[in-house]
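Student: Pasting the sequence and the predicted coordinates here, then a few questions.
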Amino acid sequence: TPKAKVEAAALAEDVKLRLDGVRQRLPKDLLPISVRVEQHGNENAVVYRIVGANAYDDDDRAAVRALAERAGRIAGISSVEVDVPDRDLVVRVDREKLAQAAVPISLVRERVASALEPMALGAVRVADEEVAIEMRREARIDLKQLASLPIQMSRSGQGMILSDVAHVVIEPREVLEKHFIGGEIPVMLVAYIDNAVDAVGVSKAVRAEIEAEAPAILGSKMTARMDIDVTDLIRAQLDLLVTDAVLGIFLVLLVLGFFFGGRIAILAAIDFPVSYLSAIAVSHALGVDLNVMTMLGLILVTGVLVDDVVVVAEAFIKGREEGLAPKRAALRAMRQVGPPIVGMASIVAISMFPFLVTENPEAFLIKPLAIIVVAAVVCSLAGCFLLLPGHLVHLVGPTALPHDRKVVVFLRRIYEAYMARMLRYRLVVV
């Protein structure tokens, strides 16, 4: 949330100020300490691993960043990051040569700092025998040119250069841990997808762009291999949602069609997708996009949506079989089953209420699920009270009633006999 971002940034700045206050008193050989704020949200991402890339080679790193720049131009991509290990420019001084040349080490440090100052590489760490400079930016440094940096020159133009008393190299930064994939330090390209767009569509565009441009940009040495696509989870949830929706509609058509006729079954089944689409529209208006959690929420409420439709239709048919007019049958059906339906919807909404008001850092994970569940239940409730009764009243004629169907009468007799026997021996059944 914006409030959490502000609080995290303020806390990070406070830690940085405290660290700067004690940095001079820390041991010189201590590994560099940095403070940063990492945001972990429900942002979707496509992650590629660049196989065959040398994590410390300037040309390989530049090629990967060029590919990242192409991916960043795709509409719907909020940012693209290239995850490569940090490097240090190290000037390692030979004290014996310095002593022979009678040159103080402070002069070497001063010359090196003056030569690299325009590049603004990063923090400088000074030890007894070396100067290490953090290469925060992807700057290209000509080591040969730096090695020929004049340190002390005479009036005749002769003198000492940096390579005479020091060794200049680019080395991996010392870290507490390193990660390896396939025996090499991985170079990762991460494309973040904006939450306000179609994540699945943007993911397809990213895949197509990288597959088309990677061979020309990376060359034959390197290949871009997709490791993670978070939208695969969304695709899986969408497939499951579609399967459950189709299965739910099929069950409604099967059960109501068998017992009450095809016309009633079709009218009742219309409320099912309407509730789904209405819940998605309401959630979108509240700023919740379709993601893994919202898909899971729609799957969870599938049973509730089916139950609402079946109960209302059954109560209406019962009233019509008793001889009531369509309008009176619909009114009596809503009076009979309305309170239980509202009660069930209220229980579901109340159970999700704590997730809607919680303010802990993990709330963003569960809030979309709670919002979509409540929206689906409320939309289903509105459909049962406003749409379904009107459809049943105006579109179901007397010929559509199934009271003369022999199969229904036969099954009802079997069920009544079964229940009578169960109630007769209820102590044994319990």
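Tutor: The structure has been received and is ready for your questions. From a predicted model like this one, the values you see are computed outputs, not experimental measurements.

Student: CA only for contacts and neighbour counts going forward, please
Tutor: Noted.

Student: immediately after the top helix by length along the chain, which helix or strand?
Tutor: Ranked by residue count, the top helix of the chain under DSSP state H comes out as helix 326-357. Next helix or strand after helix 326-357 toward the C-terminus (DSSP states H and E): helix 363-382.

Student: I'd like to check what contacts the helix or strand just after that following helix. Which residues are they?
Tutor: Downstream of helix 363-382, the first helix or strand assigned by DSSP H and E is helix 388-395. Where contact means C-alpha atoms under 8 Å, 6 or more residues apart in numbering, the residues beyond helix 388-395 that reach it are 264, 267, 268, 271, 309, 312, 313, 316, 326, 327, 330.

Student: Helix 388-395: how far from the chain's middle?
Tutor: 42 Å (C-alpha atoms, centre = their mean, to the nearest Å).

Student: Give me the buried stretch members for whichever helix or strand comes after it, please.
Tutor: Later in the chain than helix 388-395, the nearest helix or strand by DSSP H and E is helix 406-424. Neighbour counts over helix 406-424 (16 or more other C-alpha atoms under 10 Å) mark no residue as buried.

Student: ok, now stretch 66-74?
Tutor: Residues of stretch 66-74 classed as buried: 67, 68, 70, 71, 72, 74 (neighbour count, 16+ other C-alpha under 10 Å).

Student: Let me see the mean pLDDT of stretch 143-159.
Tutor: For stretch 143-159, mean pLDDT rounds to 72.

Student: can you check stretch 252-267 too?
Tutor: 74.

Student: got the contact list for stretch 221-237?
Tutor: Counting by C-alpha under 8 Å, 6+ apart, 44-53, 199-200, 203, 210-211, 214-215, 290-292, 295-296 sit against stretch 221-237.

Student: State the mean pLDDT of that stretch.
Tutor: Taken as a whole, stretch 221-237 has an average pLDDT of 84.

Student: For it, what is the spacing between the initial and final residues?
Tutor: The first and final residues of stretch 221-237 sit 37 Å from each other (C-alpha to C-alpha, to the nearest Å).

Student: Give me the buried stretch members for that stretch, please.
Tutor: Across stretch 221-237, burial judged by 16+ other C-alpha under 10 Å covers 222, 223, 224, 225, 226, 229, 230, 231, 234, 235, 237.

Student: Can you tell me the strand partners of whichever strand or helix holds the fifth one and which way each runs?
Tutor: Okay, so that is residue 226. For residue 226, the enclosing helix or strand under DSSP H and E is strand 223-229. The pairing partners recorded for strand 223-229 under DSSP bridges are strand 44-51 (antiparallel).

Student: So what touches the helix or strand following the partner strand?
Tutor: Remark: after strand 44-51, the chain's next helix or strand is helix 58-72, criterion DSSP H and E. The contact list for helix 58-72 (C-alpha under 8 Å, 6+ apart) reads 50, 53-55, 77-82, 84, 138, 140, 189, 191, 206, 209-210, 213-214, 217-218.

Student: 6 Å - rerun?
Tutor: Helix 58-72 has contacts (C-alpha atoms under 6 Å, 6 or more residues apart in numbering) with 53, 80, 218.

Student: Roughly how far does the first one sit from residue 272?
Tutor: In this case it means residue 53. Counting by C-alpha to C-alpha - residue 53 and residue 272 are separated by 52 Å.

Student: Sketch out the low-pLDDT regions of the stretch 51-200 of the chain for me.
Tutor: For the stretch 51-200 of the chain, applying pLDDT under 70 flags the ranges 117-140, 153-158, 172-184.

Student: Quick check: PyMOL command selecting the buried ones in the contacts of stretch 221-237.
Tutor: Buried residues among the contacts of stretch 221-237 (16+ other C-alpha under 10 Å), as a PyMOL selection:
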select buried, resi 44+45+46+47+48+49+50+51+52+53+199+200+203+210+214+290+291+292+295+296
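
Student: Sticking with residue 90, tell me its helix or strand.
Tutor: Going by DSSP H and E, residue 90 is in strand 87-93.

Student: Helices of the stretch 1-150 of the chain, start to end?
Tutor: Remark: helices assigned in the stretch 1-150 of the chain by DSSP state H, counting those that start in this stretch are 2-22, 58-72, 95-101, 105-116, 143-147.

Student: could I get those helices as TSV with distance to residue 359?
Tutor: Output for those, formatted as TSV (distance: least, C-alpha to C-alpha, whole Å):
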stretch	distance to residue 359
helix 2-22	10
helix 58-72	33
helix 95-101	59
helix 105-116	47
helix 143-147	52
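
Student: so which of these comes closest to residue 302?
Tutor: Closest to residue 302 of these, according to C-alpha to C-alpha: helix 2-22, at 33.4 Å.

Student: Render the CA-only coordinates of the strand holding residue 226 in CSV, please.
Tutor: Only the C-alpha atoms of strand 223-229 are listed here, as CSV (Å, rounded to 0.1, in the frame of the first residue of the first chain):
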residue,chain,number,x,y,z
THR,A,223,20.6,-18.3,-25.3
ALA,A,224,17.6,-17.0,-23.4
ARG,A,225,15.8,-19.7,-21.6
MET,A,226,12.6,-19.0,-19.8
ASP,A,227,12.7,-20.2,-16.1
ILE,A,228,9.6,-18.7,-14.6
ASP,A,229,6.4,-17.2,-15.9
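
Student: Mind putting the contacts of helix 58-72 into a markdown table with distance to residue 377?
Tutor: Converted to a markdown table, the contacts of helix 58-72 look like this (distance: C-alpha to C-alpha, whole Å):
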| residue | distance to residue 377 |
| --- | --- |
| 53 | 51 |
| 80 | 38 |
| 218 | 51 |
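
Student: Sketch out the low-pLDDT regions of the stretch 251-400 of the chain for me.
Tutor: 260, 268, 290-292, 360-364, 396-400.
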